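Q: Need a 3D model of the following:
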Amino acid sequence: MKKWLSALCAVVLVATCLFTFTACGNKNLVESSNSTASVISNGGMLTVHNGYLYFVNGTNTNNGKNNTYGSVTQGAICRIPVDENGNIQEKEDGSLPTAEVVVPSLVGFDLGSVAIYGDYLYYSTPSNQKNVNSEVLYGLTEFRRLNLNNIKGKTELMYTTKSSDDTVDFTYYTVGDKTLYLVVYEKSSNNITSIRLGKNPVTKVIASHVKNYLFAEQSSANAMQEGVSTKVYYTTEADNASYETGVKVYSMLPDGSQKTEIGSGEDYSLLAIRAGKLYYSYTSGDYTYMYATTDGATFHIQTDTLISASRSTYDKMLFLEDGSIVIQEKTKKDDKDVYYVRRILWQNKEIAVNYILYKGQVEFLGIYENSIVFTDTDDGTINKVDYTKDNSNNENTIILCEEEFEKADGNLVGEIVGDYVYGFINKAVDEDSTTKKTYVYRVPLNPAEDEVVEAELVAVL
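A: Okay, here's the model as predicted:
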């Protein structure tokens, strides 16, 4: 998620001007609902709303030349019709429908994403603003929205990041029936900025000197809706390192109000918010301990639910609604790194379930029914495995496809909608061409028995 520095002095000056302009421009935003009742899968490479699948049509290099508004197709936002389950409505001859370009801007880059709240499509795109030397400030990211009742109309600018050489993360929070917040973390300043969207928008920094942060899952019809969080979490260094240890952990609402210290004294890491639970960890000696507490509650190691205690390193995790976790575990065997995928469930501070689901290094793509869907990073295959059973010998692993999805980057990770998993694949689209481009493909999650399928191109323009 790094962006490259471009004309540093000019960037600093113009970024400040852009920020000022954004605040003024926000006054023209129209009040809108924040409803996601008909939305499936918000905040990634695709989303479903009112009979359409909206998707980022591939990825492209963010170099200041590939983002001329109106001429972008690869990396633009497109849409095609789907049924009530989110499955694409094919033509009578079985072919895919022709896609419609909705936002002809580059959204298929490392900070791209698409989401729908109310009647608006929200997305991020590299800036087309120029500095005093007429250089495009494509290292800055603009957050924009489009009224879906007028897709040929103008997009509205909501916020522009302040620095080019930056790590940025963001999400949207819904509060009440109408209020929607865009919340942005920027590494260059270690600040979290909140933008309340609507008729009288407010932009302000709500946290500074941020060491670690955690944003909630975005609201949608298929999110873990039991208590989708309205909290923003972050940590800072202890006030006085000479006699205080660890970090201070805070929770607050997306406007910065109700700031509360909920933890201190340990070097806590914030992991995830799922189904009304906040997951966190800390390391003591050789062990890393993982706990779950109620969303918004103060940390109490003695009474919070122990999720895991291990000497192994977990670099990827999926949190299931039953309180168990699926982890990518790295251990050593004969001085070599060995990887396992495990499902672990602790009850009463003892391990109740400890299944090996897969042997190998993976990228998680999501959860489908009772299965974990993932890419094997060694051979590139797309697989699924039932997480309710031990699979120590990999005998229950189902290979879905032997074509490799591009490695996840930022928010543009593989996603499951309906009975398909979607992801980006880089290959020649036409049989007669050797030129490879990255577009969106889909793979069925319930193929015929023992059938390994070829990934299907989603977009036909």
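Q: Only C-alpha atoms from now on, for both contacts and neighbour counts.
A: Will do.
Q: Leaving out chain neighbours, which residue sits closest to Glu454?
A: Closest residue to Glu454 apart from its sequence neighbours, by CA to CA, 6 or more residues apart in numbering: Cys401 at 6.1 Å.
Q: That neighbour pairs with what?
A: Ile382, Val453 (DSSP bridges).
Q: That one touches Asp379, doesn't it?
A: No. Applying CA atoms under 8 Å, one finds Cys401 not in contact with Asp379, separated by 10.9 Å.
Q: Between the two, tell me which one has more neighbours.
A: Between Cys401 and Asp379, Cys401 has the larger neighbour count (other CA atoms under 10 Å), namely 22 against 13.
Q: OK, contacts around that one?
A: Residues in contact with Cys401, defined by CA atoms under 8 Å, 6 or more residues apart in numbering, are Thr381, Ile382, Asn383, Val443, Val452, Val453, Glu454, Ala455.
Q: Which of the residues you listed has the largest number of neighbours?
A: Greatest neighbour count in those, by other CA under 10 Å, goes to Ile382: 27 neighbours.
Q: From Ile372, how far off is that residue?
A: Applying CA to CA, to the nearest Å, the value for Ile382 to Ile372 is 11 Å.
Q: Equivalent analysis for Leu106, please.
A: The value you get for Leu106 to Ile372, if CA to CA is used, is 31 Å.
Q: When those two are compared, which one has more neighbours?
A: The neighbour comparison of Leu106 against Ile372 (other CA under 10 Å) goes to Leu106, with 30 against 21.
Q: my read: that one touches Val72, true?
A: Yes. Between Leu106 and Val72 there is a contact under CA under 8 Å: 6.4 Å.
Q: Quick check: neighbours shared by the two?
A: Common neighbours of Leu106 and Val72 are listed as Asn66 (criterion: CA under 8 Å, 6+ apart).
Q: Residue ranges in the stretch 51-200 of the chain under the pLDDT threshold?
A: For the stretch 51-200 of the chain, the stretches with pLDDT under 70 are 165-166.
Q: again, only this time at 80
A: Low-confidence segments of the stretch 51-200 of the chain, defined by pLDDT under 80: 84-87, 164-166.
Q: show me where it has strands.
A: Secondary structure of the stretch 51-200 of the chain by DSSP state E, counting those that start in this stretch: the strands cover 52-56, 77-81, 100-103, 114-117, 120-126, 141-147, 156-160, 168-175, 179-186, 191-197.
Q: From the contact counts, what lies against the second one?
A: The reference is to strand 77-81. In this structure, strand 77-81 packs against strand 52-56, strand 100-103, with contacts taken as 3 or more CA pairs under 8 Å, 6 or more residues apart in numbering; DSSP states H and E.
Q: Looking at the strands of the stretch 51-200 of the chain, which is nearest to Ala459?
A: Among the strands of the stretch 51-200 of the chain, the nearest to Ala459 by CA to CA is strand 77-81 (8.1 Å).
Q: got the contact list for the residue most central in space within the chain?
A: Among the residues of the chain, Asn411 comes closest to the average C-alpha position under CA atoms, centre = their mean, at 3.7 Å. For Asn411, the contact set (CA under 8 Å, 6+ apart) comprises Gly43, Gly44, Met45, Asp110, Leu111, Gly112, Ser113.
Q: Columns neighbour count on top of these, output as CSV?
A: Output for these, formatted as CSV (neighbours: other CA atoms under 10 Å):
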residue, neighbour count
Gly43, 23
Gly44, 21
Met45, 28
Asp110, 22
Leu111, 24
Gly112, 26
Ser113, 28
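Q: Spell out the residue ranges of the strands in the stretch 201-350 of the chain.
A: 202-207, 212-214, 232-237, 247-252, 260-263, 269-274, 277-284, 287-294, 305-310, 313-319, 325-333, 336-347, 350-359.
Q: Let me see the mean pLDDT of the shortest one.
A: Going back to what we said before, that points to strand 212-214. Across strand 212-214, pLDDT averages out at 95.
Q: which residues are contacting that strand?
A: Strand 212-214 is contacted from outside by Val232, Tyr233, Tyr234, Thr235, Thr236, Ser269, Leu270, Leu271, Ala272, Ile273, using CA under 8 Å, 6+ apart.
Q: what do you get for the first one?
A: Strand 202-207 is contacted by residues Ala23, Asn191, Ile192, Thr193, Ser194, Ile195, Arg196, Asp255, Gly256 when judged by CA under 8 Å, 6+ apart.
Q: Tell me, how many residues neighbour the fourth one?
A: Residue crowding around Thr193 was assessed by other CA under 10 Å; the count is 22.
Q: same check, this time on the fifth one
A: Residue crowding around Ser194 was assessed by other CA under 10 Å; the count is 25.
Q: related to what we said a few turns ago, what's the closest of the strands of the stretch 201-350 of the chain to Glu84?
A: Counting by CA to CA, Glu84 lies closest to strand 269-274 out of the strands of the stretch 201-350 of the chain; the figure is 25.6 Å.
Q: and the closest one, how far out from the chain's middle?
A: Put simply, strand 269-274 sits 14 Å off its chain's centre (CA atoms, centre = their mean, to the nearest Å).
Q: Kindly state the beta-bridge partners for Leu457.
A: Per DSSP bridges, the residues bridged to Leu457 are Tyr441.
Q: pretty sure it is in contact with Val443, am I right?
A: No. Using CA under 8 Å, Leu457 is not in contact with Val443; the gap is 9.3 Å.
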